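Engineer: Pasting the sequence and the predicted model now:
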Amino acid sequence: MLKDGVLDPQGEAVRHALGSLGFDGVGGVRQGKVIELDLADGTTEATVREMCEKLLANTVIESYSVELG
């Protein structure tokens, strides 16, 4: 997800479109992305976080979370 305070033009476009479709009461929309990885057994959360820090997330403007399951 984009960090708070970072302009989200896609989210704003979605908010506007929802209003145009009659869905009132949506004050704001933040749009993000999901990256799903098929990992080898034993891959740690720390390794996945390192992947995010080095490649998958732009940590200057984005925040991320990791779910292993």
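Structural biologist: Now that the structure is in, tell me what you want to look at.
Engineer: tell me the secondary structure for the residue lying farthest from the centre of the chain?
Structural biologist: Relative to the C-alpha centroid of the chain, counting by CA atoms, centre = their mean, Gly22 is the outermost residue, at 25.7 Å. Of the three states, Gly22 takes coil according to DSSP: H, G, I helix; E, B strand; the rest coil.
Engineer: For Glu50, see how far away it is.
Structural biologist: Distance of Gly22 to Glu50, computed by CB to CB, to the nearest Å: 45 Å. (Glycine included, C-beta is placed from N, CA and C.)
Engineer: do the same with His16
Structural biologist: As judged by CB to CB, His16 and Glu50 stand 38 Å apart.
Engineer: again with Asp8
Structural biologist: Distance from Asp8 to Glu50, counting by CB to CB: 26 Å.
Engineer: Neighbour count: the two, which is higher?
Structural biologist: Between Asp8 and Glu50, counted using other CB atoms under 10 Å, Asp8 has the larger neighbour count: 20 against 12.
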